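S.K.: What shape does this take:
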Amino acid sequence: MTRPPRELLEFLNRYDPGIQALALCLRGVVHQELAPCHEYIFTMRRMLVLLYGPTSRAIEDCVCMINVYRSHVNLQFTDGVDLADTYGALEGTGTRMRHIKVRALSDLDRPVIRAYLREARKNAGMVPPRGSTNEVVTRVKTTPSRKARQTTW
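M.R.: Numbers count the residues shown, from 1 in each chain. A predicted model of the protein is given here:
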C-alpha cells in the first residue's frame, strides 16, 4: 500500500479513530487488488471520497470508490449491476451502482471484498501487470477554506 498523503490524513481527522483506520485499511485492500491504478481523493458535502480507475480520468473511468461516512465506510462499484452478486453482499437499487457497507475491520477479512474488486477490475479491462509494478498515482483535490472562498468572490 502506498503511504497516505498528508491531505488524506487531514481529511480523515474529522472522523473517529475507528473510521479512520477502517478507511485506511480498505484503501490498502483496494490498492492491493487494483494497482497499478489512479486514485483521486476529495471531499463532497459531509463525506470523503476516494475514486479508483485505470487512467488519470478517475472520475470518468471510475471502477470503484471508497466513501467515508461518520459511522461506516462504503466500497462502491460504479458498474456494480454488472458484477455477478454470487455472495449476495452487494447493496443498492440504483441503475448502475452497488456497494458493500464496511462497519468493522473484521469485515475486510471477508474474501468477498477482494473477489468483487477483482471482478470489477476484470470488467473494466484492467489487466494485472507482469512483474511488480503496483504503482498508484494519487491526486488530491483540496478545497479552499470557507474564509478563502469568501475573499475570492
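S.K.: partner residues bridging Asn74?
M.R.: Under DSSP bridges, the beta-bridge partners of Asn74 are Asn67, Lys101.
S.K.: if I pick it, what's in contact with it?
M.R.: 66-67, 99-102 (C-beta atoms under 8 Å, 6 or more residues apart in numbering). (C-beta placed from N, C-alpha, C; glycine too.)
S.K.: Next, give me the two most distant ones among those.
M.R.: Ile66 and Lys101 (11.8 Å; C-beta to C-beta).
S.K.: out of the two, which sits in the busier spot?
M.R.: Ile66 (25 against 15; other C-beta atoms under 10 Å).
S.K.: List the buried residues of the helix or strand where Leu24 lies.
M.R.: When elements are assigned from DSSP states H and E, Leu24 belongs to helix 17-34. Neighbour counts over helix 17-34 (16 or more other C-beta atoms under 10 Å) mark 19-20, 22-27, 29-31, 33-34 as buried.
S.K.: Confirm that Ala115 sits in a strand.
M.R.: No - assignment of Ala115 by DSSP: H, G, I helix; E, B strand; the rest coil gives helix, placing it outside any strand.
S.K.: Looking at the helix holding Leu24 now, give me its mean pLDDT.
M.R.: The predicted model assigns helix 17-34 a mean pLDDT of 97.
S.K.: With distance to Thr95 added, can I get the buried residues of helix 17-34 in JSON lines?
M.R.: Listed next are the buried residues of helix 17-34 as JSON lines, based on distance: C-beta to C-beta, whole Å:
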{"residue": "Ile19", "distance to Thr95": "29"}
{"residue": "Gln20", "distance to Thr95": "32"}
{"residue": "Leu22", "distance to Thr95": "28"}
{"residue": "Ala23", "distance to Thr95": "27"}
{"residue": "Leu24", "distance to Thr95": "31"}
{"residue": "Cys25", "distance to Thr95": "30"}
{"residue": "Leu26", "distance to Thr95": "25"}
{"residue": "Arg27", "distance to Thr95": "27"}
{"residue": "Val29", "distance to Thr95": "27"}
{"residue": "Val30", "distance to Thr95": "24"}
{"residue": "His31", "distance to Thr95": "28"}
{"residue": "Glu33", "distance to Thr95": "25"}
{"residue": "Leu34", "distance to Thr95": "24"}
